[in-house]
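# generate coordinates for the sequence data below:
(2 chains)
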Amino acid sequence: MQAVLWSVLKLLIVLTFILLNAMLLIWLERKVSAWIQLRLGPMRVGRPQGWAQSIADVLKLLFKEDIVPSRVDKVLFVLGPIIAFMPALMVWAVIPFGPNFVSADLNIGVLYIAAIGSIGLMSIFTGGWGSNNKWSLISAMRSAAQLFSYEVPLVLALIGVVMLAGSLSLTDIIRAQQETAWYILYQPLGFLVFLIAGIAEVNRTPFDLSEAESELVAGWHVEYSGLRWAMYFLAEYGNLLALSALAATLFLGGWTAPFGLDFIPPFVWFLLKTYLFVFVAMWIRWTFPRVRIDQLMDLSWKFLIPVALLNIALTGIGITIFS
Amino acid sequence: MTSAKQELHREEMVINMGPQHPSTHGVLRAVVTLEGETVRGVDPVIGYLHRCFEKICEQKTWTQVIPYTDRTDYVAALTNELAYVLAVEKLMGLEVPERAQYIRVIMAELQRIASHLLWFGTFGNDLGAFTPFLYAFRERETLIDIFEKTTGARLTYNYIRLGGVRNDLPADFERETLAFLEKLEKGLEEYHNLLIGNAIFEYRTKGLGVLTAEQAVAWGASGPTLRASGVAWDLRKSEPYLVYDRFDFEVPVGQKGDIYDRCICRMKEMEESAKIVRQALEGLPEGDVVGKVPRVIKPPQGQAYAAVEAPRGELGCFVVSDGGIKPYRVKWRSPCFVHLQLLDVIARGELVADFIANIGSIDIILGEVDR
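Alright, predicted model coming up:
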């Protein structure tokens, strides 16, 4: 009984954590972009620094009229945002927040994450197709092609880490890093591939082709408004957070403290490392132009995948020599 | 098994881009035929910003027309005024004091810089880079402040008058302008680091939207759009007006006529304009800023055409007078109108993303296309 209660509690904590963080990320994105663009960003709603802006935005969106355009495929249209939110939440089940704080320590954690990641594509495609809008259709087609191509290098980049740790469980991978060193040192190539493919996977500039404001207006969510749109939006940030947490776990040793700085609790370390990646992703987003769809494909199939395969080969050679 | 052998059903999709679209630079509507993501045809639909500019001019006195010209190309209002005023002055044979001519050159070149800065910002936006926009506006803001101090307005200046300019330059104009030009130099370097020098930027612009020199001349292109194709035609050099023949400056020319060349041409033009402004400030003569102008403007019967090198190309104004206090006819030769027709030529066969980059690269202002 106590075990059940404990897992329910853990679930609730994780859920709250993600939703609060997604909102914090939206605020952070505004602030970081403002900082890069010589602006102030939100300042008025909540002092200091407009901290309540995201809360105000979410409230506003909650009270907006729920518009379902007349010619849309209703089932798909409604389903889209719900599916969007699911993978962003599900990934967190296996990510360890601290030494003993993980919702479900699956022994196939990495595989599970790779599988869950593909669901995100479904939401974009259902939304884009169901909207019955030419812009969203183009966007849906683009994102199908994009996410499909970037799944491959992403998973290939994970394989190097799994080979080093000898386990698919995220907790084991962290423990293995604790014993040796952070895998970013052993896997610089793998990390690079993971970073690029990951940014493409969460649809951010320079790979935000399915949203591509200047080309496709707003891409797959052009017909969405109010709460449904907010769900897509929150999911986007949930995904970014999940990706960053994953990067921190796989390549920066997760919750472990570096340089013997043990007095800072593991949970804080985990957050710090996660937000480091969040910041890098934001930094890239606000300084780069967008690539084109064919260039995006070239990058994945002609560059990232060969590099990822090379990384696997090198890792294999390294393991045989040094063990 | 037979169905698998059958060819896939292919269909072209007609998509309506605009008049409400983030990248159509105003209210352009383009009917684009797509095959997948490839553009098979572009049909620009104009007229959403038509305000009967030329007809209204016939209802106003000769001086009252000047503020209206500001509203055509609202990003470069001063050069519009200049084209009209030069045409009327030609018709009347008015003498313009040398100081006024210098001031006109300074203002026109600063206006070119302001206009190109805005183009740079929006072009970055078209490519999906949002930050350059804010950077360009930082520099432009300083410039607009200088304009405000000089003319009293930030966008529609009504500064260039028949026979001269409205008022003399303010006391600290020279110091502030020189300070701005220094800031601009640093800014241009930053733009290069941020956008123009980025590998993605080169991938997105090189070899795309190619306009050959023959095509450019045949379609009547002018300005940076023409010069990027390798034709060194600049009215300031080839048919000097005002006092442009006294300054030493280059005309940047491209080679391939692709989007990249058009961008580089504009970036270099800003540097050249800065050069001209510096020289003009140095050689600025003393004297009146308005010549002897009759109290009532009544040009003699006849017609005149004057063209200036506006930021976007050759901006021509043709005026006809019947000897009355109002123009009989004012005709505007707008570079943007000509360039808009090029869209189909340069964007066909390329992808949707390139189409957006193409719109940005020819730098159209719909206020001038429609008038």
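
# from here on, just use CA atoms for contacts and neighbour counts.
Fine.

# what segments of the stretch 151-300 of chain B are helices?
Under the criterion DSSP state H, counting those that start in this stretch, the stretch 151-300 of chain B contains helices at B:173-191, B:199-205, B:213-219, B:223-227, B:235-238, B:259-282.

# to residue B:27, which of the ones you listed lies closest?
Each of the helices of the stretch 151-300 of chain B has some distance to residue B:27 by CA to CA; the shortest is helix B:223-227, at 21.1 Å.

# just give me how far that closest one sits from the chain centre.
Using CA atoms, centre = their mean, to the nearest Å, the mean C-alpha position of helix B:223-227 is found 11 Å from that of the whole chain.

# what does stretch B:72-84 give?
Between the centre of stretch B:72-84 and the centre of its chain there are 9 Å (CA atoms, centre = their mean).

# and the pLDDT for residue B:125?
Note for residue B:125: predicted pLDDT of 85.

# go on, residue B:281?
Predicted confidence (pLDDT) for residue B:281: 90.

# count of residues packed around it?
If you count neighbours by other CA atoms under 10 Å in any protein chain shown, residue B:281 ends up with 18.

# any idea how many residues pack against the residue nearest to it when sequence neighbours are not counted?
Spatially, and ignoring its direct neighbours in sequence, residue B:281 is nearest to residue B:174 (6.8 Å; CA to CA, 6 or more residues apart in numbering or on different chains). Other residues near residue B:174 come to 16 when the count uses other CA under 10 Å.

# returning to what we had before: among the helices of the stretch 151-300 of chain B, show me which one is buried the most.
helix B:223-227 (a mean of 29; mean count of other CA atoms under 10 Å in any protein chain shown).

# once you drop chain neighbours, what's closest to whatever residue of chain A ends up closest to chain B?
Closest contact between chain A and chain B, by CA to the nearest CA, is at residue A:289 (4.1 Å). Spatially, and ignoring its direct neighbours in sequence, residue A:289 is nearest to residue B:129 (4.1 Å; CA to CA, 6+ apart).

# ok, that neighbour - how many residues close by?
If you count neighbours by other CA under 10 Å, residue B:129 ends up with 24.

# still on that earlier bit, now do the same for the residue nearest to residue B:281: its pLDDT.
88.

# gap between residue B:327 and residue B:93?
Look at residue B:327 and residue B:93: by CA to CA, to the nearest Å, they are 16 Å apart.

# show me the contacts for the residue nearest to residue B:264 when sequence neighbours are not counted.
Counting by CA to CA, 6+ apart, residue B:254 is the residue found nearest to residue B:264 once chain neighbours are left out, at 7.7 Å. Residues in contact with residue B:254 (CA atoms under 8 Å, 6 or more residues apart in numbering or on different chains) are B:227-230, B:261-262, B:264-265.

# closest one to chain A out of those residues, please.
Of all those, chain A sits closest to residue B:264, with 16.8 Å by CA to the nearest CA.

# tell me the pLDDT at the closest one?
According to the per-residue confidence, residue B:264 scores 90 in pLDDT.

# enumerate the positions of stretch A:146-160 that are buried.
Within stretch A:146-160, the residues scored as buried using 16 or more other CA atoms under 10 Å in any protein chain shown are A:146-147, A:149-160.

# so who does whichever residue of the stretch 101-250 of chain B sits closest to chain A touch?
When scored by CA to the nearest CA, the stretch 101-250 of chain B has residue B:129 as its residue closest to chain A, at 4.1 Å. Taking CA under 8 Å, 6+ apart, we find residue B:129 in contact with A:286-290, B:195.

# that one falls within a helix, correct?
No: in this structure, residue B:129 is coil, not part of a helix, as judged by DSSP: H, G, I helix; E, B strand; the rest coil.

# okay, now the unreliable bits of the stretch 101-250 of chain A?
Counting by pLDDT under 70, the stretch 101-250 of chain A shows low-confidence ranges at A:103, A:210, A:212-215.

# for residue 44, what are phi and psi?
Assuming you mean chain A. In terms of degrees, to the nearest 10, the main-chain angles of residue A:44 are phi -90, psi -40.

# actually chain B
Here the main-chain torsion angles of residue B:44 (degrees, to the nearest 10) amount to phi -70, psi 130.

# that one: what's its closest spatial neighbour, skipping adjacent residues?
With sequence-adjacent residues excluded and distances taken as CA to CA, 6+ apart, residue B:44 is closest to residue B:30, at 4.2 Å.

# residues in contact with the one you found?
B:16-19, B:42-45.

# which of those sit farthest apart?
B:19 and B:42 (14.2 Å).

# between those two, tell me which one has more neighbours.
Neighbours were counted for residue B:19 and for residue B:42 using other CA under 10 Å; residue B:42 has more, 23 against 17.

# show me what the strand or helix carrying the more buried one is packed against.
When elements are defined using DSSP states H and E, residue B:42 is found to belong to strand B:38-45. The criterion is 3 or more CA pairs under 8 Å, 6 or more residues apart in numbering or on different chains; DSSP states H and E, and the helices and strands that strand B:38-45 contacts are strand B:29-35, helix B:342-347, helix B:352-362.

# my guess is residue A:27 contacts residue A:55, does it?
No: in this structure, residue A:27 is not within contact of residue A:55 by CA atoms under 8 Å, at 9.4 Å.

# ok, those two, which is more surrounded?
When neighbours are counted by other CA under 10 Å, residue A:27 comes out ahead of the other of residue A:27 and residue A:55, with 21 against 16.

# give me the helices and strands touching the helix or strand that contains that one, please.
With the criterion set as DSSP H and E, the secondary-structure element containing residue A:27 is helix A:2-36. Contact here means 3+ CA pairs under 8 Å, 6+ apart; on that basis helix A:2-36 packs against helix A:53-62, helix A:226-251, helix A:266-287.

# okay if I get those as TSV plus distance to residue B:123?
Converted to TSV, those look like this (distance: least, CA to CA, whole Å):
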stretch	distance to residue B:123
helix A:53-62	30
helix A:226-251	26
helix A:266-287	14
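
# which one of those is the most hemmed in?
It is helix A:226-251: most buried of those by mean count of other CA under 10 Å, with a mean of 24.

# so which residues of the stretch 51-200 of chain A form strands?
Secondary structure of the stretch 51-200 of chain A, counting by DSSP state E, counting those that start in this stretch: no strands present.

# now do the same contact list for residue 78.
Because you didn't say which chain, this covers chain A. For residue A:78, the contacting residues are residue A:228, taking CA under 8 Å, 6+ apart as the criterion.

# ah, I was thinking of chain B
Taking CA under 8 Å, 6+ apart, we find residue B:78 in contact with B:70, B:107-108, B:111, B:156-160.

# same question, residue A:35
Under the criterion of CA under 8 Å, 6+ apart, the contact partners of residue A:35 comprise residue A:41.

# OK, contacts around residue B:77?
Contact partners of residue B:77, counting by CA under 8 Å, 6+ apart, are B:69-71, B:111, B:155-157.
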